[in-house]
Each structure stands twice: as structure tokens, then as C-alpha cells.
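Engineer: 3D, please:
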Amino acid sequence: MVKIVLSGLLLLGFVGCASTQTQTVSQLQTKVSELERKLSLKEEEVVSLKSEVDQLTSEAKRKEDITKGSSEEQAKSSPREGILRVDANPTDVQTALQKAGYYDGAIDGKLGHKTRSAISKFQKDRGLKADGIVGKKTWEELKTLLE
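Structural biologist: Here you go, the predicted structure:
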């Protein structure tokens, strides 16, 4: 009789383990399915974001090309670009530089290499940043020579 009771208990123990394993496998399958669904949604989101990035990159490139073309046109039409950073007349800049003894070229309003070199020498002698560009400080110094 003891053998039968022990056999019964042992049998119940195995059946209990099997049902626990079945529940665990079922729970894991449910979790895997949920994770696969979430992964699929994330993959769709990635595809959408890549498309959006491509579109924004194309727009930025077009705007850059437009801006670049516009800057090149301005540089061709205005020699002041790059040398003058203030509202100053190029002939006034050349006149002031000539009065100060830094420029001996023609007063023609064309801000080329000779004018830029004169600006740099003027700046260096005045303790300014010698970059050949007429900014606020350089123009303040130059326009006193016009008065």
C-alpha cells in the first residue's frame, strides 16, 4: 500500500511538472509573439524615418544649391563681397587708404588684391586684426581720414 501511495504521489509530481512546463512554454510563446509584433512596428518606423531623412536631405541640398548659386552671383556682381563687412563706399575706402599712404592705385571702387593688401598693412600698423577685411573697427579708423 505504501508503494501505491508513493507511486501516486510521484505520478502527481510528474503531472504537475508537465503542466507547469506547458504553461511556461505557452507564456514564452505569447511573449515571443508580442516581441515580434513590436519589432515589426519598429521596422516600419525605421523605414518611415529613413524616407523622411532622405526627403529632408534632398530639400537641404536644393536650398544649399540655390544659396550657393545666389552667393556666386552676388560675388560676381559685387566686388565688395568678402572685403567690406560694413556699409562703406569702396572709393571712400581707397581714398582713405591713399590719404594714409597705404594705397597708390587708381581710385576706381574695385576692391582687388592691391586694396586688400593696403587694408592689411593699415590694420597691422593700427594694431587691428590684419585680415584685409574692412569691419567696424577698421572702418572707424579709415573714415576719420576722410574728414
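
Engineer: Please look at residue 135 and residue 88 and confirm they touch.
Structural biologist: No. Counting by Cβ atoms under 8 Å, residue 135 sits too far from residue 88 to count as a contact (10.1 Å). For glycine as for every other residue, the C-beta is placed from the backbone atoms N, C-alpha and C.

Engineer: of those two, who's got more company?
Structural biologist: Neighbour comparison, residue 135 and residue 88: the larger count goes to residue 88, with 18 against 14 (by other Cβ atoms under 10 Å).

Engineer: Quick check: nearest residue in space to that one, chain neighbours excluded?
Structural biologist: Closest residue to residue 88 apart from its sequence neighbours, by Cβ to Cβ, 6 or more residues apart in numbering: residue 139 at 5.3 Å.

Engineer: Flag every buried residue along the host helix or strand of the one you found.
Structural biologist: Here residue 139, judged by DSSP states H and E, is contained in helix 136-143. Using 16 or more other Cβ atoms under 10 Å as the test for burial, helix 136-143 gives 138, 139, 141, 142.

Engineer: And for residue 133, the neighbour number?
Structural biologist: Residue 133, neighbours per other Cβ under 10 Å, totals 16.

Engineer: what's the distance between it and residue 102?
Structural biologist: From residue 133 over to residue 102 the distance is 15 Å, taken as Cβ to Cβ, to the nearest Å.

Engineer: now stretch 53-67: how far from the chain's centre is it?
Structural biologist: Relative to its chain's centre, stretch 53-67 lies at 12 Å (Cα atoms, centre = their mean, to the nearest Å).

Engineer: what's the average pLDDT for it?
Structural biologist: Taken as a whole, stretch 53-67 has a mean pLDDT of 76.

Engineer: With stretch 119-137 instead?
Structural biologist: On average, stretch 119-137 scores 95.

Engineer: Then stretch 99-109?
Structural biologist: Mean predicted lDDT for stretch 99-109 stands at 94.

Engineer: how long is it end to end?
Structural biologist: 15 Å (Cα to Cα, to the nearest Å).
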